[in-house]
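Engineer: Give me a model of this one.
(one chain, ligands or ions: 1)
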Amino acid sequence: MILKELRFDVMRANKEIVRLGLVGREEASLTLGNVSGIDKSRSCVAIKPSGVPYPSLTPQDVVVVNIQGYPLEGARKPSVDTPIHLEIYRNFKDVCAIVHAHANYSSSFAQAGVPIDCLGTTHADYFYGPIPVVPVLKKELVEKDYEANLGKAIVETFKKNNINPLEVPACLLQHHGLFAWGRTLSEALRNAVALEKVAEMNFITLGLNSKIKPIPSYLHDKHYLRKHGGKAYYGQ
Ligand SMILES: [Zn+2]
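Structural biologist: Numbers count the residues shown, from 1 in each chain. Predicted coordinates for the structure are as follows:
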C-alpha cells in the first residue's frame, strides 16, 4: 500500500470530524463531508472515498490520487469533492490538509450567504479577518465541471480579496458548507472546529445585539499576532 502513513492519518482525521461534532453523530452514516492530506512532494493526495460511512473507514479505503486527480491506488472511488481539494492544493502552496463539512452553524452562515465577522477574541485567536463567503456558482459552472469550478471559486475569492489563506484558513461555500485547511491535518481539524465555534458564538451574539460591530482592529491584531507569526509569544 503506497503512502501508508498518510492514508492512516487521513482515515483518522475523517473519523475525527465525526467525533468533533462537525458531521453530527447521528449523521455519520450520511457520509457528508471529507478530509484530505497531501504528501510532502505535493504530487499525491489521500482523500476519503465517495459515499463510505465514517465508522467503517479503513486506511485501504482512503484513495490516493495524483495532483491532476488520476487515481493511483485504492479500490474505492475518491470523494466527488476531490477536484475542490486539488484546486486548493495547486494554488495554496502551504496548505497540506483540507476539511470539508456541513457543520450546523457555519453551514447556516453559508446557506444565508453571511460572512462570519470577527466579533470576539476567540475568532481573532485563529483567523486574521472575517471568514469569506464564496458566492454561489452560475448555472453553467454548476452543470459542467461543478467541483473543479467550486475549487476555482474558492481560490478566486481569496485572490480577489487579497486574503492570505494561511491567515484566514477557512471559507464558506454559499448554500453549502465549510472548507477549512492547515499546514497539517491536526491544524486543519483545529481550524474547522474553531470556525464552527465562532459561527455558533456569532449566531448567539447577533441574536443578542444585531447591530454589534466587529472588534477593533488593534484588539484583533493583538490576539492574532500573539499566537501567529514572528512575534508570537503565546504557548510554551
Ligand atoms: Zn459538501
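Engineer: which regions of the protein lie under the pLDDT threshold?
Structural biologist: Counting by pLDDT under 70, the chain contains low-confidence residues at 24-30.
Engineer: Tell me where the longest helix sits in it.
Structural biologist: In the chain, taking DSSP state H as the definition, the longest helix is helix 185-208.
Engineer: Show me the contact partners of it.
Structural biologist: The contact list for helix 185-208, computed with CB atoms under 8 Å, 6 or more residues apart in numbering, reads 9-10, 12-13, 16-17, 20-22, 35, 37, 96-99, 101, 103-106, 108-109, 116-117, 119-120, 122-123, 125-127, 131, 169-170, 178, 180-182, 212. In this view, the C-beta of every residue, glycine as well, is placed from N, C-alpha and C.
Engineer: For this protein, just list every one of the strands.
Structural biologist: Secondary structure of the chain (DSSP state E): strands located at 34-38, 44-47, 63-66, 71-73, 97-101, 133-134, 170-173, 178-182.
Engineer: Out of those, which is closest to Ala153?
Structural biologist: With CB to CB, the closest approach to Ala153 among these belongs to strand 133-134: 5.0 Å.
Engineer: list the helices and strands that closest one packs on?
Structural biologist: Strand 133-134 sits against helix 146-160, strand 170-173, with contacts defined as 3 or more CB pairs under 8 Å, 6 or more residues apart in numbering; DSSP states H and E.
Engineer: What are the buried residues along the longest helix of the chain?
Structural biologist: Using 16 or more other CB atoms under 10 Å as the burial criterion, the residues of helix 185-208 that qualify are 185, 187-203.
Engineer: Please report how far Met1 lies from Val62.
Structural biologist: Between Met1 and Val62 the distance is 9 Å, computed by CB to CB, to the nearest Å.
Engineer: neighbour count winner among these two?
Structural biologist: Neighbour totals were compared for Met1 and Val62, and Val62 leads with 31 against 11 (other CB atoms under 10 Å).
Engineer: now that one: how far from His228?
Structural biologist: The span separating Val62 from His228 equals 30 Å under the rule CB to CB.
Engineer: for Thr82, what are its contacts?
Structural biologist: Contacts here follow CB under 8 Å, 6+ apart; on that basis Thr82 touches Ser36, Val45, Ile47, Val65, Gly69, Glu147.
Engineer: biggest separation within these, which pair?
Structural biologist: Across the contacts of Thr82, no pair lies farther apart than Val45 and Glu147, at 13.6 Å, counting by CB to CB.
Engineer: With neighbour numbers in mind, choose between those two.
Structural biologist: Using other CB under 10 Å, the more surrounded residue of Val45 and Glu147 is Val45, with 27 against 18.
Engineer: My read is that the more buried one contacts Gly37, right?
Structural biologist: Yes - because the distance of 7.2 Å satisfies CB atoms under 8 Å, Val45 is recorded as touching Gly37.
Engineer: Give me the common contacts of the two.
Structural biologist: Between them, Val45 and Gly37 share no neighbouring residue, with contact defined by CB under 8 Å, 6+ apart.
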